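> Here's my sequence, what's the structure:
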Amino acid sequence: MLLLPVYVTLFWAIALMGNKKIHSVPRAFLSKFMLFPFVIYICHFFYFAPLPEVYPYFDILLQFASLLVFPIYYIYFRLLTVDEKFSLKTHAVFLAIPTILTFIYAVGVVLTPAIEYRAWLFDDKAYSNSVFVNFLSIMRVILRITYLAQVLLTVTGNFILIRKYGAKAEQFYSDIQDGKFNNAKMLNYSIIIMSIAAFLFTVLGRRYLVNQDILIYGGWTVFSAMLFIIGYMGITQKSINPTYELVTDAIVQDQLEDIPMVAQKKLLRKMLVEFETKKIYLNSQLNIMDVVKIVGTNRTYISSIINQHYNQNFCTFVNSYRVEELERVFQVNPDYTNEELAESCGFGSVNSLKRAINSKTGLSITEWKQLNIGDLNQSAD
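This is a model prediction of the structure:
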């Protein structure tokens, strides 16, 4: 049971590996994230097994991985929402405190006599008069408080990102859907459940858990299940954010200045042929990289041209064609079910269809049908 989360995290660390140019950047980063809980649970294994001869060599590593795991998960959420890639320049601020505290703790370990340090790891009352042991005890309290604070900050920060940029995160999981962000929320709920268990176990302390097999069985099962869900959702991500672009007017202008107007019009004509003649929008799995490959340019130019000429992002642009197709299909087949309409017009799901209609017309699917049926009856009269 102690090794179960070790197997789960190692499996996903390997399974999620891949070229980030082929797979999504968040997915590639999630592979690295899995290494941190892998280290944590293998260190716990040495402690609870117990292997007192082995564990002292891994305690500093455990503290470091424990302090980093939640900031790293927050960075993963940022890659799903607001950041294009991981960089130390951008994300060092989230890693600085864990690194500094672990370094101070490591210095204390090095200065503490080995016999005192090893005894203290398994009995916090051992050598209670030692200055070095007292320093380590104080540091351990600081590390725990920091860990618990990071749990709360990560969960809160993730919710803020979902509320502001959930649509972007959702695009890694489904085709042109920008509604309830269920996948992004599930990722955060998984870490919340893990956080509650981790919070409880941190408060109780490892020495209390040593003789509590039932708590270990239950807790480690929860950890393993949540990590498996996180890994599974990571591997289901599409190769690239397919639809949602956060491009400001200034950025668009800078990007388009690199393209001569003649070249812009040529790219636009090629793209419109694909949409208006070949109707590539009927492919429910269509993403921006498909268009890039067909037109023969890059993602930045496609996104910028759509934004400049239509004042839309890729999501809205594609859905506008699908809604027009929906109007044509419904006129011919007003008895079609919502599922049949969605499938016929390239929507990935009925929910995607409903959101596209509401976004363009402000109407629900029922109201939209009633309006169009009324138009059909007037045309018949």
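> ok, residue 163 to residue 5 distance?
30 Å (Cβ to Cβ, to the nearest Å). For glycine as for every other residue, the C-beta is placed from the backbone atoms N, C-alpha and C.
> Kindly confirm whether my reading is correct that residue 347 touches residue 321.
No - judged on Cβ atoms under 8 Å, residue 347 makes no contact with residue 321 at a distance of 11.1 Å.
> more neighbours, the two?
For the pair residue 347 and residue 321, the greater number of neighbours falls to residue 347 (29 against 17), based on other Cβ atoms under 10 Å.
> Tell me the secondary structure at that one.
coil (DSSP: H, G, I helix; E, B strand; the rest coil).
> now residue 17
coil.
> so how far is residue 132 from the closest residue to it other than its chain neighbours?
With Cβ to Cβ, 6 or more residues apart in numbering as the criterion, residue 17 has its nearest non-adjacent residue at 4.9 Å, and that residue is residue 31. Distance from residue 31 to residue 132, counting by Cβ to Cβ: 38 Å.
> Check residue 300 too.
From residue 300 over to residue 132 the distance is 56 Å, taken as Cβ to Cβ.
> now residue 10
Taking Cβ to Cβ, one finds residue 10 at 35 Å from residue 132.
> low-confidence ranges in the protein?
Scanning the chain for pLDDT under 70 picks out the ranges 18-23, 165-182, 184, 237-260, 374-381.
> Give me the domain ranges for it.
4-235, 249-380 (automatic domain parsing).
> Helices along the stretch 151-300 of the chain, start to end?
If DSSP state H, counting those that start in this stretch is used as the criterion, the helices of the stretch 151-300 of the chain fall at 182-204, 206-209, 213-235, 249-256, 261-272, 288-295, 299-310.
> Those: which one's closest to residue 97?
helix 182-204 (16.8 Å; Cβ to Cβ).
> Please say which of residue 31 and residue 132 ends up with more neighbours.
residue 31 (20 against 17).
> is it true that the more buried one touches residue 11?
No - counting by Cβ under 8 Å, residue 31 does not reach residue 11; the two are 10.8 Å apart.
> who touches the residue nearest to residue 17 in this structure?
Counting by Cβ atoms under 8 Å, 6 or more residues apart in numbering, residue 31 touches 12-18, 234.
> Now a PyMOL select for only the buried ones of those residues.
In PyMOL syntax, the buried subset of the contacts of residue 31 is picked out as below (16 or more other Cβ atoms under 10 Å):
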select buried, resi 12+13+16+234
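> quick one on the thing from earlier: what helix or strand is the residue nearest to residue 17 located in?
Assigned by DSSP states H and E, residue 31 falls within helix 25-33.
> Of all the residues in that helix, which ones are buried?
For helix 25-33, the neighbour count (16+ other Cβ under 10 Å) marks 25-31, 33 as buried.
> Let me have the residues you listed in CSV, adding distance to residue 125 as columns.
Formatted as CSV, the buried residues of helix 25-33 follow (distance: Cβ to Cβ, whole Å):
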residue, distance to residue 125
25, 48
26, 45
27, 46
28, 46
29, 42
30, 41
31, 41
33, 36
